[in-house]
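Participant: next one to model:
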Amino acid sequence: MTEFINWGLDLLRVYGWKVFWILALFFFGRWMISFFAEKIASLKEKHLQRYPGGNLAKRAGTMETGMVLTSKVILYGIIFLMVLNLFQVEIGPLLAGLGITGLAISLGAQRFFQSLIAGFFFIVEDSFDVGDEVEIKNHRGRVIKISLTSVIIQGEKGEMIYFPNGEIKEIINFSQKKSHFSSQKKTSS
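Facilitator: Residues are numbered from 1 along each chain as shown. Below is the predicted model:
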């Protein structure tokens, strides 16, 4: 029994501060992620109270989900690398290998990343909302879902049509009210 206690104390002496900093980073990172997620959620709730039925809350929810997931992946990746380093696993070659793998994946997944970035801008720019009547690539229908990677519309015959965001170049929105241009044309004539 005393051998086990001595082994535990030796382990604590050698790895104590390293383990402490890993745990501190882990818990601080989790707290920061939760803190910012709660801030976004409270902003979403305030907006819902001011503008009931608005789609900004849905867009904020989509962005919140993406932010939390990305932050957790980054945090857990850093913690994993720190734990490997703690056990004296050489992480330099691992990081180089991950860099090369990341480059290969990014080249192979260009369409995915293109759709992800386009989806982010669709959500931020408010080009269209769920429920709007739109035409995308000569398909007209009502928007059912907007995500970071795709848009789903229900066609005139009830069919569901999926569009990767990166492939959407033009959107005709039949649901938005007349723009500022129509009022300018009337006043300038």
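Participant: quick one: contacts for Arg140?
Facilitator: Applying CB atoms under 8 Å, 6 or more residues apart in numbering, we find Arg140 in contact with Glu133, Val134, Gly155, Glu156, Phe174. For every residue, glycine as well, the C-beta is placed using N, CA and C.
Participant: what's the first helix or strand after the longest strand along the chain?
Facilitator: The residue-count maximum for a strand in the chain (DSSP state E) belongs to strand 139-146. Next along the chain after strand 139-146, taking DSSP states H and E as the criterion, comes strand 150-155.
Participant: quick one, that next one and strand 139-146 angle?
Facilitator: Per axes from the mean of the first three to the mean of the last three CA atoms, to 10 degrees, the angle that strand 150-155 makes with strand 139-146 is 130 degrees.
Participant: what does strand 150-155 contact?
Facilitator: Contact partners of strand 150-155, identified using CB under 8 Å, 6+ apart, comprise 115, 119, 122, 134, 136, 139-145, 160-165, 168.
Participant: now the residue nearest the centre of the chain, nearest residue through space, not along the chain?
Facilitator: Centroid-nearest residue in the chain, with CA atoms, centre = their mean: Gly66, separated by 2.0 Å. Sequence neighbours aside, Leu148 is the residue nearest to Gly66 in space, at 5.5 Å (criterion: CB to CB, 6 or more residues apart in numbering).
Participant: just confirm the one you found contacts Glu64, I think it does.
Facilitator: No: using CB atoms under 8 Å, Leu148 is not in contact with Glu64; the gap is 11.5 Å.
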